[in-house]
Each structure stands twice: as C-alpha cells, then as structure tokens.
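Q: Pasting a predicted model and its sequence here:
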Amino acid sequence: MAGGWRSLLRAARRYPWPTNVLLYAALFSAGDALQQRLRGGPADWQQTRRVATVAVTFHANFNYVWLRVLERALPGRAPRAVLAKVLCDQAIGGPVAVSAFYAGMSILQEKDDIFLDLKQKFWNTYKSGLMYWPFVQLTNFSLVPTHWRTAYTGLCGFLWATFLCFSQQSGDGTFKSAFSFLHVKGAGAVERPPKK
C-alpha cells in the first residue's frame with residue numbers, strides 16, 4: 001500500500017496532468033455510482049460511463065487548466081490572493097462547470113432539448129454550490145500544493161458529483177431535494193418490518 005502511494009506521488013509530480021485528470025474522473029464517476037446505490041435501484045453503468053465521459057473530456061481538464069490559470073493570475077497563498085481566487089472560481093469556474101455538466105449529460109443521453117436541464121436546474125445548482133465550493137476552494141488555495149489541486153477538487157467533487165448526478169436524474173438542483181429524498185428513504189428503511 002505504501003509503495004502504491006509513493007508511486008502515485010511520483011506520478012503526480014512527473015505527470016501532473018494525466019494523474020490529476022484520471023483521479024478526478026474516477027472520483028466523479030464514483031459519486032454517480034454512490035448516488036445510484038443510495039437511490040436503491042440497479043446499477044446503471046451506462047449512466048456512470050456518461051458521467052465519466054463528461055468528467056474526463058471536460059470537467060477534469062477544465063479544472064486542471066482553470067486552477068493553473070488562477071494560480072498564475074493570482075499567485076501565492078496570501079489571504080488576499082486566496083480570496084480573489086475563490087471569488088473568481090465561484091463567479092466564472094462554477095457556472096461553466098455546472099453548465100457543462102447539464103449540457104454534456106443531455107447530449108450523451110441524446111435528449112431532444114440539450115439545454116432543458118440546464119434551464120430548469122442551473123440556478124438552484126449554482127446556489128447549492130455556493131454553500132459548498134467556496135469552503136473547498138478556500139482550503140484548496142491556501143493549503144494544497146499546486147500539483148495536487150485538481151485531485152483534491154476531485155476528492156471534494158466526489159460528494160458534489162453524488163449530489164449533481166442525483167439532481168440531474170431526479171432532483172431540482174437543491175440540497176433540499178437531495179436531503180428530502182435521503183430522509184424519506186431512511187425513514188422507509190426504519191419502518192420496514194423485519195424479514196422472517
């Protein structure tokens with residue numbers, strides 16, 4: 001196990017782009033698999049493959065480049081630079097990422113109106129993201145080494161992807177809809193009589 005961790009660390013330093021992109025995509029895809037599991041239905045591997053496709057072709061690469069652009073434009077870990085990076089990330093990066101997810105998933109699902117989910121869920125999802133991502137990125141920009149920032153975003157993106165994939169499948173883009181679903185599902189599990 002320790003040898004594998006050292007290999008990953010070496011790979012991240014030597015090949016930061018593919019290492020970060022693959023870690024991000026794997027974690028984002030795992031978020032979709034988790035939300036499917038929480039919903040209780042059979043695994044839909046086509047759906048997970050679509051999520052992985054959006055993660056590899058856009059999200060992971062966008063995050064890798066975007067985080068480096070922010071670091072070049074606003075270098076350092078001084079409080080002013082960190083806050084400026086967080087504000088830029090939320091004002092520009094967040095809307096781009098949410099839009100690309102909903103439109104990309106709709107394209108891969110061959111929906112008639114590829115912008116319908118985006119129109120219906122963008123603002124709720126963006127507002128939900130404002131309750132999560134500023135804290136993630138504050139930590140990212142102030143504590144995480146540059147060569148690990150995309151992977152760290154992917155790790156935090158695992159939880160976000162679980163929520164985002166739920167919202168894309170059956171939610172409205174709000175945390176309330178996701179928590180309501182989990183609360184109802186959890187209450188149903190408690191009320192079920194034991195099997196004989």
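A: Perfect, thanks for sending it.
Q: Where in the protein is the helix or strand with the lowest mean pLDDT?
A: Within the chain, confidence by mean pLDDT, DSSP states H and E is lowest for helix 175-191 among all helices and strands, at a mean of 58.
Q: Quick one: list the elements packing against the strand or helix carrying residue 141.
A: In this structure, residue 141 is located in helix 133-143 according to DSSP states H and E. Contacts defined by 3 or more C-beta pairs under 8 Å, 6 or more residues apart in numbering; DSSP states H and E place helix 133-143 against helix 79-88, helix 149-169. (Each C-beta comes from the backbone N, C-alpha and C, glycine too.)
Q: For residue 139, give me its contacts.
A: With contact set as C-beta atoms under 8 Å, 6 or more residues apart in numbering, residue 139 has these partners: residue 152.
Q: Show the contacting residues for the residue sitting nearest the centre point of the chain.
A: Nearest residue to the geometric centre of the chain (C-alpha atoms, centre = their mean): residue 157, 3.2 Å. Going by C-beta under 8 Å, 6+ apart, residue 157 touches 24, 27-28, 31, 59.
Q: And the residues you listed, which is closest to residue 49?
A: Nearest to residue 49 out of the contacts of residue 157 is residue 28 (C-beta to C-beta; 12.1 Å).
Q: Which residue, other than its chain neighbours, is closest to that closest one?
A: Nearest-residue entry for residue 28: residue 55, 3.9 Å, with adjacent residues in sequence omitted and distances by C-beta to C-beta, 6 or more residues apart in numbering.
Q: What separation do you get for the one you found and residue 43?
A: 17 Å (C-beta to C-beta, to the nearest Å).
Q: In terms of neighbours, single out the busier of the two.
A: Taking other C-beta atoms under 10 Å, residue 55 and residue 43 do not tie; residue 55 has more neighbours (28 against 10).
Q: residues contacting that one?
A: Residue 55 neighbours (C-beta under 8 Å, 6+ apart): 24-25, 28-29, 161.
Q: Would you mind listing the buried residues in stretch 104-124?
A: Buried residues in stretch 104-124, counting neighbours by 16 or more other C-beta atoms under 10 Å, are found at 104-106, 108, 114, 117-118, 121-122, 124.
Q: which among the contacts of residue 157 end up buried?
A: Going by neighbour count (16+ other C-beta under 10 Å), the contacts of residue 157 have 24, 27-28, 31, 59 buried.
Q: just to revisit the earlier point, mind telling me which of the helices and strands packed on helix 133-143 the model trusts least?
A: Per-segment mean pLDDT for the helices and strands packed on helix 133-143 reaches its minimum on helix 149-169, at a mean of 85.
Q: Cool, thanks, signing off.
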